[in-house]
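Asker: Got a sequence here, can you build the structure:
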Amino acid sequence: MEVARIRSALADIERELERARSAKTQIENDATGEPTSGGSFEEPEVALGAILTEIYELVLVILEAAGLPETRRRVLERLTHFEKTGEMNRAPYNRQYDFADSKPYEYLTSVVDGLRSASGDEHSAHDSYELAQLETILRRTPVLVRGRGKTPTGERDVQAVMHDYLSAFFTEYKRHIKIHGVIRDFEPDGGVRNLRAAIEFKYAASKTEVSRALGGIFEDVSGYAGSLDWTSFYTVIYQTEPFESEDRVKSEFTRAGAVTWKSILVTGTGKRKLKAAKALPKRGKAV
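Answerer: This is a model prediction of the structure:
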């Protein structure tokens, strides 16, 4: 079993599970006449089924990559059963116990709990949810930067905005943490201590700068990976134009063996600050 692959994927799964919980909660609120805070689905039962299907497919891919064929077979059997019986799109409200009864959801959460336990992931369900929230915020970097009226010209501009948002959202967020290595120390831009999640921001105003940013990350992979205090790593590459796709960046991370790293490629406005031209020396007046 490839534990690192499972751990790396748990945040993705938890983020999707939160969407499923939201749909399930709306079904319960609609049944009791309670308002649903935040966004809502036009057809929450259909939405729940679609989200659960996506999560099942993600889990199947992860189980295959982690070398767990027997577990994958059992999950696939249950998924096939739920689809044949139509239970994927059904979550009837149980008035006696006040909950929406979704068997596919309940089975899926038990599978995810099992994966978390088998991988040795010490994060609680709450921490896993917060990791998913962290990733959501990081993916919104361009929107948050734009909301500040900023046109970033380098990493520091992006970092300054995101430090403020992350500090406000996570009480244990720290700037400029230090990870001690055997040969040298490593200093990510920040991290959420209770989640053991370190974060770096990169800025790229050209395709060459995207490649350079990736090269710098790969140099640090081995040093970061040895830490017991920091076990999840996020790199946000802020590109000013769509120079690269996230799929290609992810494949580079996989090829480099950076399975505990999460690459997040975002595109937003920006430009490099032009260096001031040196003033030419004044010439003396002709005699």
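
Asker: could you show me where the strands are in this structure, in order?
Answerer: Per DSSP state E, the chain carries strands over the ranges 93-94, 99-100, 173-175, 190-192, 197-204, 232-239, 261-267.

Asker: and the third one, what does it pack onto?
Answerer: Right, the one you point to is strand 173-175. helix 155-169, strand 190-192 (3 or more CB pairs under 8 Å, 6 or more residues apart in numbering; DSSP states H and E). From N, CA and C alone the C-beta is placed, and that goes for glycine too.

Asker: buried stuff in that strand?
Answerer: By neighbour count on 16 or more other CB atoms under 10 Å, the buried set for strand 173-175 is 173-174.

Asker: Provide the contact partners of that strand at residue level.
Answerer: With CB atoms under 8 Å, 6 or more residues apart in numbering as the test, strand 173-175 has contacts from 163, 166-167, 189-193.

Asker: Now residue 264: closest residue in space, sequence neighbours ignored.
Answerer: Computed as CB to CB, 6 or more residues apart in numbering, the closest residue to residue 264 that is not its neighbour in sequence is residue 236, at 4.8 Å.

Asker: right, and that neighbour touches residue 141 too?
Answerer: Yes - using CB atoms under 8 Å, residue 236 is in contact with residue 141, at 5.7 Å.

Asker: These two: which is more packed in?
Answerer: residue 236 (25 against 22; other CB atoms under 10 Å).

Asker: so how far is residue 201 from the more buried one?
Answerer: 5 Å (CB to CB, to the nearest Å).

Asker: on that earlier part again, could I get the strands of the chain as a markdown table with mean pLDDT?
Answerer: Formatted as a markdown table, the strands of the chain follow (pLDDT from 0 to 100):
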| stretch | mean pLDDT |
| --- | --- |
| strand 93-94 | 88 |
| strand 99-100 | 86 |
| strand 173-175 | 92 |
| strand 190-192 | 93 |
| strand 197-204 | 93 |
| strand 232-239 | 91 |
| strand 261-267 | 88 |
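
Asker: Indicate which one of these is closest to residue 253.
Answerer: Closest to residue 253 of the strands of the chain is strand 261-267 (CB to CB; 5.1 Å).

Asker: hang on, the earlier thing: show me what contacts the residue nearest to residue 264?
Answerer: Contacts of residue 236 (CB under 8 Å, 6+ apart): 138, 141, 158, 162, 199-202, 264, 266.

Asker: Go through those and name the one nearest residue 67.
Answerer: Out of these, the member with the shortest distance to residue 67 (by CB to CB) is residue 264, at 26.5 Å.

Asker: so that closest one sits right up against residue 136, yeah?
Answerer: No - counting by CB under 8 Å, residue 136 is not a contact partner of residue 264; they are 10.3 Å apart.

Asker: So for these two, which residue has more residues nearby?
Answerer: residue 264 (18 against 12).

Asker: rewinding a little: most neighbours among the contacts of strand 173-175, please name it.
Answerer: Busiest of these [other CB under 10 Å] is residue 191, holding 27 neighbours.

Asker: Would you agree that one is in contact with residue 197?
Answerer: Yes - with contact defined as CB under 8 Å, residue 191 counts as touching residue 197 (5.9 Å).

Asker: shared neighbours, these two?
Answerer: Counting by CB under 8 Å, 6+ apart, the residues touching both residue 191 and residue 197 are residue 230.

Asker: ok, now which ones touch residue 30?
Answerer: 36, 44.

Asker: Relative to residue 23, how far out is it?
Answerer: 11 Å.

Asker: where do the contact lists of these two overlap?
Answerer: residue 44.

Asker: Just the pLDDT at residue 166, thanks.
Answerer: Listed pLDDT for residue 166 reads 95.
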